[in-house]
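**Q** missing the sequence, but the structure's below:
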């Protein structure tokens, strides 16, 4: 088996809009924040600019009635996943136990977490909301994906701040390599709210910060040997030890520099690279957005050849993803349940 | 090439550690379990205005790691993980600083440890008091896997799994794959979670919390009791363990992860996803259902969870002894899979499993019933399983170190 993993579909939403065309437009224009988030009605405070996602499009894929109890964090994930499946030419729902789900999120369902606290504070401990509680866990988005898209293979949610994205892709790579799944939906999901806006504002008192971003970015990954219409391939996904980046000859360097001061020194120490963060904003699991924007840039001819994507965390650790442009299609395989084998 | 679940190379477990309400170490925990002694139960550990005080399996102060009670609340999960990891590392024959410079990964499951739910900060925020953001800075430093990596000066792969209650089991399974694929030579893997009032109120709101000490698999069970603690195993490549003549306590032979795709907060009634997780773990180990010496059940004591597991054990694993240890430890959420992995290994070594605490009348709805007393087992393989909110299921299969 080739040890490469094919990207067969991509689904993105964020401040740039939702879907491939919106992301391509942002690549062309350079992007920028499309909204603002208030700071929680603090005296004298107003709001901070932010990249805000719109999930309205989700109702084109899933019945509105099914979404009644789904929070915004999970709606972003669902829309990203549906867009990726559609982009790959897959049906919705998936209905397979040979498909896995991996979600990367630095902060999880932030708004629901605080809404649950609101329910405790406003109504008393004894009247805290069970619906908000069960939707506040980080894994709620993966659960809704599994249930509403009928995906019953392996499932994982990872929260490792800036290294969440590379950890998710590394795991997907391994699942495909050892046959734990035939396809994996890997996605980044982040949400902004007024608490985060306040924190950004306070952190920004001492040093410049990035511009908050939210949204979701999903990739449908398959083994290269099983993939039709592969859009690109992941050749390497790793968290190398040591601080020294080994530059890949001929590859364009894409850095996850989203304005966070904790990682700025590391990025400055590298060769000049491209950052796509002005399209999606500052968000911890942004490396998956970088992968998708890199593939789009390859397809649009903005980048030729391979991309070496780097994302660092505040402790000096970093993740590396090597992305090769599309390759010739191989044979098609359908998702099959284990019981059919 | 065949991609369906297949036999995989076993991964040696050369060290184990755990702390929970039943014991400060794995050895103390096993003493409590075999004696039929429930862990420390507190009704005061968490402050809540709820009219009923629910029992909690809390760490007694003397069990807590040094500096634990003075640490910011968001750091406590990480500190519990470090304590269990230290026991596992020492158990494996390493000095605490001996892992530095080696290729060591960290994979820790948690629930509370990754939640930005600092209530004090948020109350001040709501009151427009411009709260100090130091609790948020602390939270950003308190990722449990990162804390463990820092404590042991490790630079290998690092991942915090937040699959809710299956997190610890899944973390161990994923870390084993890191060893097999050569991403690292050793991995500190398990789970850690702590008691806090947000989660306490949350579980009460779901109406799945028992007002009495929990009674897994009993016909009168009313729900779970929360607990806290951490459980960690040290996974090591065969080459690394062989090079230092380390004798494995066990080998991780199989891991399964599968979803119910059924309901956001209730398990599939026939345990469809859990059964597939078992299938995958057994296939990786290359053994049959009948080869299992016992099953360490998730067994939370909630009506739905135990019904799903009871159905599976009756219809598929009839005659295989099983028990839940949550009657001793409480449900430690993301830590449960780590603690129960360590307990499973200790049971394989001892050749006996503890009685299912809280069991008075086995639920007649199923043919299978957990063991009521400490029971000898035959065989050298066992599964520990976990199930989570949203229908994620994990199962890890161990073989005794000296089969």
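**A** Great, that's in hand. All values reported here derive from a predicted model rather than from experimental measurement.

**Q** can you pull out the helices in the chain?
**A** Picking chain A for this. Assigned by DSSP state H, chain A shows helices spanning A:20-29, A:72-87, A:110-123, A:130-136, A:140-148, A:164-178, A:194-203, A:261-268, A:277-280, A:287-299.

**Q** nope, chain B please
**A** Counting by DSSP H, chain B has helices at residues B:26-34, B:76-91, B:119-126, B:134-140, B:144-151, B:167-181, B:197-205, B:238-243, B:272-285, B:303-316, B:326-329, B:336-350.

**Q** closest one to chain A among those?
**A** Closest to chain A of the helices of chain B, according to C-beta to the nearest C-beta: helix B:197-205, at 3.6 Å. To be clear about C-beta, it is placed using only N, CA and C from the backbone, and glycine gets the same treatment.

**Q** how about residues contacting that closest one?
**A** Contacts to helix B:197-205, defined as C-beta atoms under 8 Å, 6 or more residues apart in numbering or on different chains, come from residues A:116-117, A:120, A:125-130, A:133-134, A:136, B:46-48, B:50, B:52, B:54, B:56, B:111-112, B:115, B:117, B:119, B:209, B:224, B:226, B:333.

**Q** in that helix, what counts as buried?
**A** Of the residues in helix B:197-205, B:197-205 count as buried by neighbour count, 16 or more other C-beta atoms under 10 Å in any protein chain shown.

**Q** farthest pair in those residues?
**A** B:197 and B:205 (12.2 Å; C-beta to C-beta).

**Q** just the buried members of the contacts of helix B:197-205?
**A** In the contacts of helix B:197-205, burial by neighbour count holds for A:116-117, A:120, A:125, A:128-130, A:133-134, A:136, B:46, B:48, B:50, B:54, B:56, B:111-112, B:115, B:117, B:209, B:224, B:226, B:333, counting by 16+ other C-beta under 10 Å.

**Q** quick one, what contacts residue B:305?
**A** Residues in contact with residue B:305 (C-beta under 8 Å, 6+ apart) are B:267, B:298-299, B:387.

**Q** check whatever residue of the stretch 151-300 of chain A ends up closest to chain B and give its pLDDT.
**A** Closest to chain B within the stretch 151-300 of chain A is residue A:179: 3.4 Å, counting by C-beta to the nearest C-beta. pLDDT recorded at residue A:179 is 92.

**Q** so residue A:325 touches residue A:298, yeah?
**A** Yes: at 4.7 Å, residue A:325 counts as touching residue A:298 under the criterion of C-beta atoms under 8 Å.

**Q** touching, residue B:46 and residue B:56? I think so.
**A** Yes: look at residue B:46 against residue B:56 with C-beta under 8 Å: they come within range, at 6.3 Å.

**Q** now list whatever residues contact both of these two.
**A** The contact sets of residue B:46 and residue B:56 overlap at B:195, B:200 (C-beta under 8 Å, 6+ apart).

**Q** ok, back up a step: so which of the contacts of residue B:305 is the closest to residue B:230?
**A** residue B:298 (17.7 Å).

**Q** for chain A, see how far away that closest one is.
**A** Distance of residue B:298 to chain A, computed by C-beta to the nearest C-beta, to the nearest Å: 16 Å.

**Q** wait, what's in contact with that residue?
**A** Listed by C-beta under 8 Å, 6+ apart, the contact set of residue B:298 reads B:165, B:305, B:309, B:324, B:326, B:336, B:385-387.

**Q** any chance of JSON lines for the residues you listed, columns pLDDT?
**A** What follows is the contacts of residue B:298, written out as JSON lines (pLDDT from 0 to 100):
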{"residue": "B:165", "pLDDT": "97"}
{"residue": "B:305", "pLDDT": "97"}
{"residue": "B:309", "pLDDT": "98"}
{"residue": "B:324", "pLDDT": "98"}
{"residue": "B:326", "pLDDT": "98"}
{"residue": "B:336", "pLDDT": "98"}
{"residue": "B:385", "pLDDT": "98"}
{"residue": "B:386", "pLDDT": "98"}
{"residue": "B:387", "pLDDT": "98"}
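
**Q** mind checking which of the helices of chain A is nearest residue B:398?
**A** helix A:164-178 (19.1 Å).

**Q** follow-up on the earlier one: of residue A:325 and residue A:298, give the one with the bigger neighbour count.
**A** Neighbour comparison, residue A:325 and residue A:298: the larger count goes to residue A:298, with 21 against 17 (by other C-beta atoms under 10 Å in any protein chain shown).

**Q** quick check: the more buried one touching residue A:232?
**A** Yes: the pair residue A:298 and residue A:232 qualifies as a contact (C-beta under 8 Å) at a distance of 6.3 Å.

**Q** how far does stretch B:352-368 sit from its chain's centre?
**A** With C-alpha atoms, centre = their mean, to the nearest Å as the basis, stretch B:352-368 stands 20 Å off its chain's centre.

**Q** average pLDDT across it?
**A** For stretch B:352-368, mean pLDDT is 97.

**Q** in that stretch, which residues are buried?
**A** In terms of neighbour count (16+ other C-beta under 10 Å), stretch B:352-368 has its buried residues at B:352-359, B:362-363, B:366, B:368.

**Q** what bits of the stretch 51-200 of chain A have low per-residue confidence?
**A** For the stretch 51-200 of chain A, applying pLDDT under 70 flags no range at all.

**Q** ignore what I typed, I meant chain B.
**A** Across chain B, the ranges flagged by pLDDT under 70 are B:1-5.

**Q** separation between the nearest residue to residue A:293 once chain neighbours are set aside and residue A:219?
**A** In this structure, residue A:293 finds its nearest non-sequential neighbour in residue A:276, 4.1 Å apart by C-beta to C-beta, 6 or more residues apart in numbering or on different chains. Noted for residue A:276: a distance of 15 Å to residue A:219, by C-beta to C-beta, to the nearest Å.

**Q** these two - which one has more neighbours?
**A** A count of neighbours by other C-beta under 10 Å puts residue A:219 above the other of residue A:276 and residue A:219, at 33 against 26.

**Q** now do the contacts for that one.
**A** Contacts of residue A:219 (C-beta under 8 Å, 6+ apart): A:7, A:9-10, A:84, A:169, A:185-187, A:288, A:291-292.

**Q** same question for residue B:388.
**A** Contact partners of residue B:388, counting by C-beta under 8 Å, 6+ apart, are A:139, B:163-167, B:394.

**Q** now tabulate the residues you listed in a markdown table and tack on neighbour count and distance to residue B:293.
**A** Converted to a markdown table, the contacts of residue B:388 look like this (neighbours: other C-beta atoms under 10 Å in any protein chain shown; distance: C-beta to C-beta, whole Å):
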| residue | neighbour count | distance to residue B:293 |
| --- | --- | --- |
| A:139 | 30 | 31 |
| B:163 | 34 | 27 |
| B:164 | 27 | 28 |
| B:165 | 31 | 24 |
| B:166 | 34 | 22 |
| B:167 | 39 | 25 |
| B:394 | 36 | 19 |
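
**Q** residue 151: neighbouring residues, count only.
**A** By default, I'm working from chain A. Using other C-beta under 10 Å, residue A:151 is surrounded by 29 other residues.

**Q** ah, no, chain B please
**A** 19.

**Q** I'm done for today, thanks for sticking with me.
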